[in-house]
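Peer 1: Have a look; sequence and predicted model below, questions after that.
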Amino acid sequence: MSLVNRGHLLTEQSNPASQNLDQCSALEIVEIFNQEDAKTVAAIAQAKQPLALAIDLTANALRDGGRLFYIGAGTSGRLGVLDAAECPPTFCTPPELVQGILAGGASALIKSSEGLEDLPEDGAAAMVSHGIGENDVVVGITAGGTTPYVHGALAAARERGAKTVFIACVPADQVPAAVDVDIRLITGPEVLAGSTRLKAGTVTKLALNILSTGVMVRLGKVYGNRMVDVAVTNLKLEDRALRILGDLADLSREDAAALLEKSDRSVKLALMMHWTGLDKIQSQSLLDQNQGILRDAVAAA
């Protein structure tokens with residue numbers, strides 16, 4: 001395999017603001033990072049239209065029985081795995097609904113396996129092993145835009161009829177991508193040239209936060225700005241559930257706890273029962289009829 005010069009990529013270029021980084025004091029280093037990291041928020045603002053498209057595309061796919069997959073290598077892949085792992089406790093989703101696929105597998109989460117990102121056939125094989133189909137959405141994440149593993153996966157996903165999303169931190173004219181939604185998060189050269197775990201990693205985390213949360217909002221996992229589908233699996237989350245019930249239903253903590261137990265520890269079901277006066281079975285039936293959207297189910301009652 002011939003060695004390609006990637007020096008033209010925006011993420012590989014030298015940042016004039018940090019060209020004397022090794023001569024800076026600790027405070028000056030912090031100030032440089034602070035100034036550069038501010039560019040991540042602006043990059044998200046510039047990408048708001050494709051991000052919104054990705055939210056709607058993914059919500060529609062999941063509503064139709066599909067799944068969401070993030071795939072990447074190195075930092076990009078780890079961020080996808082992290083976002084996927086946070087969906088079950090936050091939104092009470094089954095683990096298979098949102099999945100992260102990382103080049104090198106689980107061991108690559110804690111030990112670098114960067115050489116594996118050069119194998120497009122491995123990315124394609126991952127699509128086969130996960131049974132990617134026409135109802136699924138595959139989000140390829142690659143800061144520099146060129147990762148062969150990700151491009152191999154996206155090509156295979158398209159062949160299998162899946163919807164595809166591309167997230168990169170370089171302009172489309174540097175690395176084109178044939179996908180349904182193309183998200184470019186342009187933050188410029190890194191403080192440490194080529195180290196895309198920095199601004200590129202930060203802006204990617206911001207984008208994934210927005211994407212997954214936006215999808216779950218569209219799927220009815222949220223009422224107002226409360227996570228009414230939170231999984232009550234530890235003391236912190238039980239406390240959060242009780243506070244949500246107390247605030248939204250105007251209940252004492254004791255009454256909220258009793259209601260939570262009556263509803264099989266489901267905040268959404270508890271609110272439905274409290275607001276409508278229906279029993280647990282009736283409330284769940286109405287929720288099911290309204291695709292789990294609490295506001296619609298209450299209105300129907």
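Peer 2: Everything's here; your move. No experiment lies behind these values; they were computed from the predicted model shown. Numbering: from 1, shown residues only.
Peer 1: hey, let's count contacts and neighbours off CA atoms from now on
Peer 2: Fine.
Peer 1: so how far is the helix or strand where Leu286 lies off the chain centroid?
Peer 2: Per DSSP states H and E: Leu286 is located in helix 280-289. Computed by C-alpha atoms, centre = their mean, to the nearest Å, the chain-centroid distance of helix 280-289 equals 29 Å.
Peer 1: Restricting to C-alpha, output the helix or strand that that helix is followed by in CSV.
Peer 2: Per DSSP H and E, the first helix or strand lying C-terminal to helix 280-289 is helix 294-300. Taking Å, rounded to 0.1, in the frame of the first residue of the first chain, the C-alpha atoms of helix 294-300 are listed here in CSV:
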residue,chain,number,x,y,z
LEU,A,294,-46.3,11.0,26.8
ARG,A,295,-47.8,14.3,25.7
ASP,A,296,-49.8,12.7,22.9
ALA,A,297,-51.0,9.8,25.1
VAL,A,298,-52.2,12.2,27.8
ALA,A,299,-54.1,14.2,25.2
ALA,A,300,-55.7,11.1,23.9
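Peer 1: in helix 294-300, what counts as buried?
Peer 2: Leu294, Ala297, Val298 (16 or more other C-alpha atoms under 10 Å).
Peer 1: what's the answer for stretch 53-63, then?
Peer 2: Neighbour-count burial for stretch 53-63 [16+ other C-alpha under 10 Å]: Leu53, Ala54, Ile55, Asp56, Leu57, Thr58, Ala59, Asn60, Ala61, Leu62.
Peer 1: Turn those into TSV, columns for distance to Val181.
Peer 2: Output for the buried residues of stretch 53-63, formatted as TSV (distance: C-alpha to C-alpha, whole Å):
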residue	distance to Val181
Leu53	7
Ala54	6
Ile55	10
Asp56	11
Leu57	9
Thr58	11
Ala59	14
Asn60	14
Ala61	14
Leu62	16
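Peer 1: Quickly check those residues for the two that are furthest apart.
Peer 2: For the buried residues of stretch 53-63, the maximum inter-member distance is 14.3 Å, found between Leu53 and Leu62 (C-alpha to C-alpha).
Peer 1: Could you check how far the closest residue to Leu109 other than its chain neighbours is from Lys48?
Peer 2: Distances taken as C-alpha to C-alpha, 6 or more residues apart in numbering place Arg78 nearest to Leu109, at 6.2 Å, with adjacent residues excluded. As defined by C-alpha to C-alpha, to the nearest Å, Arg78 lies at a distance of 23 Å from Lys48.
Peer 1: Would you mind telling me which of these two has more residues around it?
Peer 2: Neighbour totals were compared for Arg78 and Lys48, and Arg78 leads with 24 against 16 (other C-alpha atoms under 10 Å).
Peer 1: what distance separates stretch 71-86 from the centre of its chain?
Peer 2: 8 Å.
Peer 1: Which pLDDT value does the model give the most centrally placed residue in the chain?
Peer 2: With distances taken as C-alpha atoms, centre = their mean, Leu208 lies nearest the centre of the chain, 3.4 Å away. We note a pLDDT of 98 for Leu208 in this prediction.
Peer 1: Packing partners of the longest helix seen in the chain?
Peer 2: The longest helix of the chain (DSSP state H) is helix 199-218. Secondary-structure packing of helix 199-218 (3 or more C-alpha pairs under 8 Å, 6 or more residues apart in numbering; DSSP states H and E): helix 26-37, helix 39-46, helix 48-63, helix 74-91.
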